[in-house]
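Trainee: Below are the sequence and a predicted model for it; my questions follow.
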Amino acid sequence: MATSNSSSILSSTFYFTGIPGYEKFHHWISIPFCFLYLVGIVGNCTILHVIRTDPRLHEPMYYFLAMLSLTDMGMSFPAMVSLFRVLWSISREIQFSVCVFQMFLIHTFSFTESSVLLAMALDRYVAICHPLRYATILTPKLIIKIGIAALLRSAIPLVPLLVRLTFFSFCHSHVLSHSYCLHQDIIHLACADIKFNVIYGLVVIIMLWGLDSLGIFVSYVFILHSVLRIASREGRLKALNTCACHICAVLILYVPMIGVSLVHRFAKHSSPFVHIFMAHIYLLVPPVLNPVIYSVKTKQIRQGILHLFSPHKISSL
């Protein structure tokens, strides 16, 4: 009986919400979202191409940057596909099994991005605190292991949550409050005891995002301690400058995330447009801004991009 129930739920249909009250403006609203998404795709693909083709960038810092670009695109792609299907009036329907898979991708890449930022913080720690051992500690083999571990660490804890969803019954509405699938959205539609999903989901967030943010903070405590021991002011500024892009990337991920959490917690009765806008901005801001920041602040990336579009004009940089 449980197997039959699971099968029927997996084949059931759920419906995305557009922006209530703004349906006639959906096509216009899609324009800025589409522009931002394309900027993010072009920017991250450019970063990946420059790192792959420029031998000078085959270093640990840039390998981690490539991982960041991949997770940025992986995080935004599933949600943007659903959003454009809704805004362009293609379809609001999604099969529950597809919804669970989309949910898995979005949450996995969100957690992976946090893990990659922790790895980048450790990279900066080794580069500043142990510069003579940098190349011997962060070998290509270790970097590959870190990337695989970050992905598995983010994906495996989600499996119990998503498997449990297939045993729920949804006897009330099948209408989702967003234009893509999120775990916290789905469980509130279930006619079942969701206590396990709520508590376990909170534990996963604390164990992944919480520990990552703590690890990043501790890394920078050691970095600052090491930087303050540098005799010259110029040397201290140079060391801190190598961390500027990473600090911006951390803020770009965590500030919108905190903003979304605050809106859901303290602004439940605000306009649906605010909730939907914040939910998509959270997934769009990192892919759009990270390539811009690293292109502007990192000389090697800037040179690589300029060489890509104008091979004869890099000598002046």
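Mentor: Looks like it came in fine.
Trainee: Which stretches in this protein count as strands?
Mentor: Taking DSSP state E to define them, one finds strands in the chain at 13-15, 93-95.
Trainee: These: lowest mean pLDDT?
Mentor: The weakest mean pLDDT among the strands of the chain belongs to strand 13-15, with a mean of 85.
Trainee: and that strand, what does it pack onto?
Mentor: When contacts are defined as 3 or more C-beta pairs under 8 Å, 6 or more residues apart in numbering; DSSP states H and E, strand 13-15 packs onto strand 93-95, helix 96-129. Every residue, glycine included, has its C-beta placed from N, CA and C.
Trainee: Give me the below-cutoff pLDDT ranges for this structure.
Mentor: For the chain, the stretches with pLDDT under 70 are 1-11, 172, 263-272, 311-317.
Trainee: Now with 80, please.
Mentor: Within the chain, the stretches with pLDDT under 80 are 1-11, 18-23, 170-173, 177-178, 192, 230-232, 235, 239, 258-280, 307-317.
Trainee: Centroid-nearest residue for it?
Mentor: residue 110 (3.8 Å; C-alpha atoms, centre = their mean).
Trainee: Report how many residues lie close to the nearest residue to residue 13 once chain neighbours are set aside.
Mentor: Nearest residue to residue 13, sequence neighbours excluded (C-beta to C-beta, 6 or more residues apart in numbering): residue 93, at 5.3 Å. When counting by other C-beta atoms under 10 Å, one arrives at 12 neighbours for residue 93.
Trainee: Test my guess that residue 93 contacts residue 12.
Mentor: No - Residue 93 lies out of contact with residue 12 (C-beta atoms under 8 Å); the separation is 10.5 Å.
Trainee: which ones are touching residue 296?
Mentor: residue 302 (C-beta atoms under 8 Å, 6 or more residues apart in numbering).
Trainee: how much space is there between it and residue 199?
Mentor: Remark: distance between residue 296 and residue 199 (C-beta to C-beta, to the nearest Å) = 43 Å.
Trainee: What segments of the stretch 151-300 of the chain are helices?
Mentor: With DSSP state H, counting those that start in this stretch as the criterion, the stretch 151-300 of the chain has helices at 158-165, 183-187, 195-205, 211-227, 233-266, 272-297, 299-309.
Trainee: Can you name every helix or strand that the third one contacts?
Mentor: It stands for helix 195-205. helix 158-165, helix 183-187.
Trainee: can you do 7 Å?
Mentor: Contact partners of helix 195-205 among helices and strands, from 3 or more C-beta pairs under 7 Å, 6 or more residues apart in numbering; DSSP states H and E: helix 158-165.
Trainee: got the angle between the helix it packs on and helix 96-129?
Mentor: Between the axes of helix 158-165 and helix 96-129, defined by axes from the mean of the first three to the mean of the last three C-alpha atoms, to 10 degrees, the angle is 160 degrees.
Trainee: Show residues contacting helix 158-165.
Mentor: Defining contact as C-beta atoms under 7 Å, 6 or more residues apart in numbering, one finds that helix 158-165 is touched by 100, 103-104, 107-108, 183, 186, 196-197, 200-201.
Trainee: Please indicate which of those has the highest neighbour count?
Mentor: residue 107 (24 neighbours).
Trainee: excluding its backbone neighbours, what's nearest that one?
Mentor: residue 158 (5.6 Å).
Trainee: Report the contact partners of residue 173.
Mentor: Contact analysis of residue 173 by C-beta under 7 Å, 6+ apart lists residue 189.
Trainee: what's the answer for residue 60, then?
Mentor: With the criterion set at C-beta under 7 Å, 6+ apart, residue 60 makes contact with 123, 138, 143.
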